[in-house]
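Trainee: would you be able to build a 3D model of this:
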Amino acid sequence: MEKEIQEQIIDVIERLHQAKITTKNRKRSNVTARAVYAKLCKDIFPYLTLSKIAEPINRDHATIIHIFKMIDNHLKNDNEYINLYKKASVIINKDIVATQNVKEISYLESLEERIIKLSNALIEKNKEIEHLKSLRTTDRYNKFDKIPDELFETFIETRLEPFLKLHKN
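Mentor: Residues are numbered from 1 along each chain as shown. Modelled structure (predicted):
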């Protein structure tokens, strides 16, 4: 669902600003459009990772980090950013978000994804634990169980305790 809405956000911004967000250039209009896209995605989907925001616009998470560092300042001082953000957010909230229960559904889908990933990780860890248990040599210490208690206590008093005292420091 997020990807569909991200594509819709891209379409709205490209129509409003006559810019191509997904191109690999640094024209001011494209940079502005990409920044507004990233800000709107984060506003609508606050749990979305930086990589998931960057993917539809052919960028990486570092670009999104940079956008978030500079967007708030631009939204205070730059009319181009302010106007595009306001127009796009009105259209998106009216046409996309309002018609679908976006925040609740997408948040639940995100939780479901995380639960599945954690369950799979837990299964893998349990398999790893079972494997390590199978490698453990328990037969090596069975001989100690056969020693009578009196003899074992004598060994501790006469041999083990003096040894530990000697090697204490």
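Trainee: ranges for the helices of this structure?
Mentor: Assigned by DSSP state H, the helices in the chain fall at 2-17, 28-44, 50-54, 61-77, 79-91, 102-135, 142-145, 149-155, 161-166.
Trainee: remind me what the second one packs against, helices and strands.
Mentor: Using 3 or more CB pairs under 8 Å, 6 or more residues apart in numbering; DSSP states H and E as the contact criterion, the neighbours of helix 28-44 among helices and strands are helix 2-17, helix 50-54, helix 61-77, helix 79-91. (Glycine included, C-beta is placed from N, CA and C.)
Trainee: now render those as a markdown table, adding distance to V31 and mean neighbour count.
Mentor: Shown next, in a markdown table, are the helices and strands packed on helix 28-44 (distance: least, CB to CB, whole Å; neighbours: other CB atoms under 10 Å):
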| stretch | distance to V31 | mean neighbour count |
| --- | --- | --- |
| helix 2-17 | 11 | 17 |
| helix 50-54 | 14 | 18 |
| helix 61-77 | 9 | 15 |
| helix 79-91 | 10 | 16 |
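Trainee: pick out the residue nearest the middle of this structure.
Mentor: T49 (5.8 Å; CA atoms, centre = their mean).
Trainee: and the gap between N77 and H131?
Mentor: Distance, N77 to H131, by CB to CB, to the nearest Å: 59 Å.
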